[in-house]
Every structure is written in C-alpha cells, then in structure tokens.
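Q: build the 3D model from these lines:
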Amino acid sequence: MFKNHLNIAWRAIKKDKLFTFIKIGGFAMGIAACLLIALFIRHEVGYDQHYAKKNQIYRVVMQGVLHGEVMKSTHFQLPFADALQSDFPEIIKAGKINTIEIFGAGKRGMRLSGKQENTFEKNFVLADQEAFDILEINLEQGNAATALTEPKSIVFSKSKADKYFPNGNALEQTVFLDNDATTPYTVTGVMEDLPENSHLNFDFLLPVEDKYGSWTNQNYFTYVLVNPNTNIQELEQKMSSIVEKYIIPAQIKRGRSADFIDVLRTAEYKLQPVTDIYLKSDLKMQDGLEHGDIKFVWLFAAIAGFVLLLAIINFINLSTAKSANRAKEVGLRKTIGAFRNNLINQFLTESVLFSIVSFVLGIILARVLLPTFNEIASKNMEFPWLVWWFLPSLLLAAICIGILAGLYPAFYLSSFRPANVLKGKLSVGSKSGKLRSGLVIFQFTTSVILIIGTLIIYRQMDFIINKELGYDKEQVVVLEGTNILGNKMEAFKEQLSTISQVEKVTSTNYLPIDGGSRNGNTFMVEGQDDGGRGVPGQIWRVDYDYIETLGIQLKQGRNFSKEFAFDSISSIVINTKMASDLGLKEPIGKKIDNGGQTFTIIGTIEDFHFKSLKEDISALSLIIGKDAGAVSVKLGKGDPTEALVSIENVWNRNIPNQALSYTFLEQEFAQMHADVKRMGKIFNSFALFAILVACLGLFALSAFMVEQRRKEISIRRVLGAPFKNIYQLLTFDFLKLIVVSICLAVPIGWYLMSRWLEGFAYRITIGWEIFLLAGLIALGVAILTISYQSIGAALLQPSKGLRTE
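A: Here you go, the predicted model:
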C-alpha cells in the first residue's frame, strides 16, 4: 500500500510541473533560510559553552546609583579578586584580567631575541594565574599551573607560536616588546587557540605586575569559580560587605567626601554567568569587548519561523486551490471502495515526499550559500555533518513538516462526497476559499513588516554613517604601534609635518574609535557644596595638537598651548557634557579634582562621539600627557596615495626594522558599527527570501485562478469586454488582500522597529513616508507577480479558451 501511495505521489509531482516547482522551490528556499538562520543562532548562543565548568564560572559586575541613574561597571580594584577568594568560602578561585592599553594590553611591537625586525601585534592581555585556571586555558607546551606566576613571562597562542617559532619549540624563548631591549620576556607556555565564539579574544598573555594597584583604582575584570550548588543570590548579598570592609576606608583615607561615600554604599555586586557575557551584557558596563545582541537572535529566530511558515502556507494554498483537479480522483476512488483514512494517508504521503525532496534541495542551497552568508555575517560557521544528531534531526524535521503542511489539504480533499464530485459541483469551490485569502493576507502582512524593517534598518545605518560626530574623521591616517619610536616621537612628528599634504599631526592612542585607550575617573568640583558625589568621566592624555588635528570644536576658553608652562601640569579641557554633569555654567577657571590631582579648567569643547551611537555621549576631559600608542595624521583633500608613500618613507628612516601599520579613522569608525551593519545585511537577505516565497505563492494562485476562469474570460472577450476590464477582474481581488495586509502590517512594523531603535541613543524618527514606500513596494511586487498571468489571460484569443466547447 505504501509503495502504491509513493507511486501516485510521484505521478502527482510530475503531472503539474509549474505547481510542483513552486511548491518544492518555495519549500526549499524556506528550508535553506531556516538552516542558515539556525546555524547563525547556534553560533551566537554557543559563545563560551566550551568551558567544562561553565555553570560555575561568573564575571563580577558592580552596579550603583549616581545622580538617580543606575551605573554599571565590570572593572575592579587590583586587590578585589584576592579579597573575594579569602573572604567567601563559596568562591574556589577569583582571578583578574586587564585589557587596558596603558597597562600593557592591546597592541604592541614584538621582536624575537637575536632578530632586528619588529612585528606589530594586537590582542595582548594581562592576567593572573587564577584567571588562567578559571578560564580553563589549555597549554600545548608548558606547565599550566605556573604559566603566569613569574614576572616578565608570556604565553603565546598556538597560531602565533607557529608564526614566530616554526620549528615548534617556543618554551624558554626570549622576546622583546616595544623595542625595549632592557626588558626581556620569557615564553612560558603555548596555549590552544581560543574558540571563535569566545567573549575574550587574545593571542598573548602577560602576568599582572601592577605595583600601584589599590582599593581606589578600578582596572580589572574579575572572574570567579564558585562551588557547585552555590546560592548565587545569597553570595551576591554577602559580597556587598567588600564595600564597607575595604573600599570605603580606602576612599576616606583618600579624602573623599561624605556624599561620595554615600554613593559607594549604594553599590552592589552581581555575578554574571560566563555564558551570558556575549549576548546579555548591558551597554552601560562599557567593558570594551565585542558583544552580540540577544534581541537579534530572537528576531532571526522569528524570521526563520515566518519564512518556513510562509512556505507551508504556500503548500496549503496550492493544495486546496488544486482541489477541483483532484476531486474526480477522490470521487472515483471512494466510489470503488476507498476509505477516507486511505485517502488521508495518500495525501500525507504526497506531502511528506514533497517535504523530503524540498529538504534535500534546501540543504544543497544552504550549503551553496553558506560561504556568502559567512562573509556577510563575518563568521566561520560550518554545518555539523559529523555530529550524530544532525542528519537524523533533518530527516525527522522533513517528515514532521511534511505532515504538518499536509494535514489540512489531506482532510479537506478526502472530505469530498462522491455524488457531488461526479456531478461537477466542486468546480467553483476552489475559487472562493476564505482560508486561502486569510493565508495570503498573513503572507503579505509578514512580507510588508519585513520590508518596513529593511527600510528602517537602512535609514538608521545611513544616519549613523553620516551623522555629525563632533570631530572630523575624514582623511585622518592612524599609524599604529608608534610606541616603538620612544624618544624619537617629537622628531618623527616634525618630519611628518614637512610633507606637503599633511596638515596636522598628533600622538596619542586616546582616539574616538574602538581599540582606542580609555581611562575612567571620578571628578568633583573643588569647593562646591553639591559636588561631593562626583561625576564619572574619561580623562585622556593627549598632546598640544590633538584638538586641531581631529577638528574638535572649542566652545569656551582656549586650547592647550606650549606658551603656558602649567598646561602640561595642571590644565584640563572638558567637554560640554562634563560641564553640565558637574553643574558648571561658567566652567573656565574652575578647579576639579579626580581624587589624585587638582586641575584648572582652561577650556570646554563641543561634545563629540567617542563611543558607539548606541550609547549617549558621556563626560570627557583632556590633559597634556605622553601616550605614544598611535600617531594620527590629518591629510588635505585629494588622493592620499602620494602622502602615504611619503609617510612610509619617514617611518622607514626612523624605524627601519618594523613594517608600517596604518588604518584610516573613517574605517575604524565604520568598524565600530560593523555589527549592526552585518545584522542589517542578514536581516535584508532573509527578508528577501520571505518576500520571494510569498510572491511564488501569489504567482501560483494567480496562475491557477486564470486557469479556472479561462472560459469565463474568453466569453467576456467575445461579448466585447476590453483588456482593461479583464485585467482589473483578475487582479482586483488579490490587490484587496494586499491592501488589507498593508493596513495590518503598518502598526505591527512600527511597534517592532520602534523597540529596535530604542537600542540606539541616537536614532531616526520613523516617518509616514517609510510606511508609504513599504506599501508601494508591496503593491508593486504583487502587481508584477499577478500581471504576468493576468495580462496573458486578457490577451488570450477567445477561440483558444473555448475550443473544448
């Protein structure tokens, strides 16, 4: 019997090639989209799942209330981890990691002992032995128990060890950093490369050697390994005792005010599971790490579900629309004794066969598109072919989806009464299906929502790229690894200034891009009664040319000048946000304190964006100080090629043993928002998939409608009906459904995209023109889809439509 069902199903597939192509093609596209999205979701939620003790590893987060606003931080004092481990028996180990450049993390020049050439490298991180153990770093060479216990030791990743020590023996080798021949580092280990989906990204580990760390400076991530079955909420409450026991006494000793101490007492500690760091971190934490967005994961999961649902709807629509064509078959089979359950099994077999064929094609399509998808998503994803559950899951999904898609058509078609069928009373039933109309509305409502989302994402990205930032990012070349210049820095800058295309030069790594140095302090106004609570803000060390090189606008007062000797000692320039936070309407001449030094405000600058546009501009200050991590060169307008050659010549004269590494400030700014741009591309791609699937269904339904009404159209043509009337007759009913879809989609699309835009501190306003454009696109696509069949039918010779009469 089953073999008979398969034979009939195969004949049905071959009989109507257009509808078979649309059924299988739509299904296959939906399945391919779902597979790619599922692969992406698996990759995103798989971050930090590689830890054997992942359920026991946490990162500490502090939150408190300042000026009525909840503040969060992931940076802690040097002794904080040691205090956690000693004071709380629930904590097995507590370790610290530093990713801040001023401590030696980030980007550095490297040279092997006995070699002359330096290589510019990134991804240096400082860690103690406890963090090394907590994060389960596996060594291919060396002793994991002592890898970071000795000063001036360094651990390489395997890929970097292979690069520098191709003979395979890296242990006990000597390297020098930043061309400092007086400080050799010894390789004590080679670790396995970190998985791609790890929230931490480093190739070199250095031991923590901060001799000046105290309970008043916060620079370290703190990770803890807790005992199994620890009550995390109780532990978090107990950890609050750290504030009273250690932090407040240190701040009182430093001379902090009572109001400041009151703010500290609002602080509480939370333990964030290591598996939540990538997807579920609050932007307020400002940890400087790469993060995903759980909202995007849910969004793409919803898109995958909708795309698959659209493909299933196509199947149901087309199966019920073709009911008249199968009616006589059902009637005859019932007449000769077939039971209804036999017919249901027959139609379900057809549906499952369609589904399996579609799955095979969908898997092939997904495999073909995967390299392009990886490029768009900036990932390195692969199908888990060798995982035992993968292929059985696909087969089970094919069977289940085939049954799900075939249930309604099977019960609907098997319900026909033989007497009615053989009298021809079902021939019109297929033209008036309320269910099909409802499904078409659902399909195009979903499609219009996706069109609205696509337009708004495009507008928001265009807004970000072209927004006035408060500084000039155009034609600024950033030379990396310049700390290797040492005492040659000033001479190097002067030589660059002699190049004709060079307008200004500044040396500092405190730049308004990801990867730039950051240094947070708490500031108070000296002698101001309500200034005791302090204002958190950045303090950047820059040179005298920084403000002019980046085109930052001076608002009040003056810029730094070498004519004023105290500018290099105690002068400070603050942004408008900091002046406002400090309550200073006339800030020039006022003195502010960061707990270690008192500064005199000599000028204020207009606010500029130095973080992602997802975040508000925060308080910022500039002081004169040495930071040789990068040199920024402002070029004049025109092709920078000639200037870059001249810059490289100057570099080679000064540092002949290290290749020049540079980027453009504009490129780095774009990289800050690359994650949103990637997500936008992925969203647009799958939105196109969904729209295409919906259009395939509409095309098939319009083709079937024309086929059913062919004789009616021919009679109307004979009676003199013009082309216009026939075209309207065939398209008007469909267009009514599209208009209803647009009306339903507009409020839903507005709500969903408004929620999405809330993730940006700076965002577009959703205007009516977006919904108008989305509606016009939907109508245009629908008209084009329907018109091919409608125009062909309207132009058909009546004799061809009536030849069987």
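
Q: A strand includes Gln141, no?
A: Yes - according to DSSP: H, G, I helix; E, B strand; the rest coil, Gln141 belongs to a strand.

Q: contacting residues for the residue nearest to it when sequence neighbours are not counted?
A: Of all residues not flanking Gln141 in the chain, Val190 sits nearest, at 4.0 Å (Cβ to Cβ, 6 or more residues apart in numbering). Where you see a C-beta, it was placed from the backbone N, CA and C, and this is true even at glycine. By Cβ atoms under 8 Å, 6 or more residues apart in numbering, the contact set of Val190 is 139-142, 155-158, 161, 170-171.

Q: quick check: phi and psi at Glu117.
A: When read as degrees, to the nearest 10, the backbone of Glu117 gives phi -80, psi 130.

Q: tally of neighbours for it?
A: Burial of Glu117 is recorded as 11 neighbouring residues (other Cβ atoms under 10 Å).

Q: what residue lies at the spatial centre of the chain?
A: Closest to where the C-alpha atoms of the chain average out (Cα atoms, centre = their mean) is Asp675, at 3.9 Å.

Q: and the pLDDT at that one?
A: Asp675 is assigned a pLDDT of 77 by the prediction.

Q: list the contacts for Phe683?
A: By Cβ under 8 Å, 6+ apart, Phe683 lies in contact with 299-300, 303, 453-454, 457.

Q: now with 6 Å, please.
A: Going by Cβ atoms under 6 Å, 6 or more residues apart in numbering, Phe683 touches Ile457.

Q: can you give me the buried ones in the one helix or strand it maps to?
A: With elements taken from DSSP states H and E, the one containing Phe683 is helix 674-708. By neighbour count on 16 or more other Cβ atoms under 10 Å, the buried set for helix 674-708 is 675-687, 689-706, 708.

Q: check which element follows that helix along the chain.
A: Following helix 674-708 toward the C-terminus (DSSP H and E): helix 710-718.

Q: now do that following helix and helix 674-708, the angle between them.
A: If you take axes from the mean of the first three to the mean of the last three Cα atoms, to 10 degrees, helix 710-718 sits at 70 degrees to helix 674-708.

Q: for helix 710-718, name the packing helices and strands.
A: Judged by 3 or more Cβ pairs under 6 Å, 6 or more residues apart in numbering; DSSP states H and E, helix 710-718 is in contact with helix 798-801.

Q: Ser632 sits in which helix or strand?
A: Taking DSSP H and E as the definition, one finds Ser632 inside strand 630-635.

Q: Glu769 and Trp750, how far apart?
A: Per Cβ to Cβ, to the nearest Å, Glu769 is found 13 Å from Trp750.

Q: swap that for Ser621, please
A: Distance, Ser621 to Trp750, using Cβ to Cβ: 41 Å.

Q: more neighbours, those two?
A: Neighbour totals were compared for Ser621 and Trp750, and Ser621 leads with 22 against 17 (other Cβ under 10 Å).

Q: could you give the backbone dihedrals for that one?
A: Main-chain torsions, Ser621, degrees, to the nearest 10: phi -140, psi 150.

Q: the longest helix seen in the chain packs against which elements?
A: Counting by DSSP state H, the longest helix found in the chain is helix 340-377. When contacts are defined as 3+ Cβ pairs under 6 Å, 6+ apart, helix 340-377 packs onto helix 2-15, helix 17-45, helix 390-413, helix 674-708.

Q: and the second one, what other elements does it pack with?
A: Under the contact criterion of 3+ Cβ pairs under 6 Å, 6+ apart, the helices and strands touching helix 17-45 comprise helix 294-321, helix 340-377, helix 674-708.

Q: report the buried residues of the second one.
A: Same thing as helix 340-377. Residues 342-359, 361-363, 365-366, 369-370, 373-374, 376-377 are the ones in helix 340-377 that count as buried (16+ other Cβ under 10 Å).

Q: again with stretch 383-398
A: For stretch 383-398, burial by neighbour count (16+ other Cβ under 10 Å) applies to 383, 394, 397-398.

Q: out of these, which comes closest to Gly589?
A: If you rank the buried residues of stretch 383-398 by distance to Gly589 using Cβ to Cβ, Phe383 comes first, at 65.8 Å.

Q: now stretch 39-48: mean pLDDT?
A: For stretch 39-48, mean pLDDT is 93.
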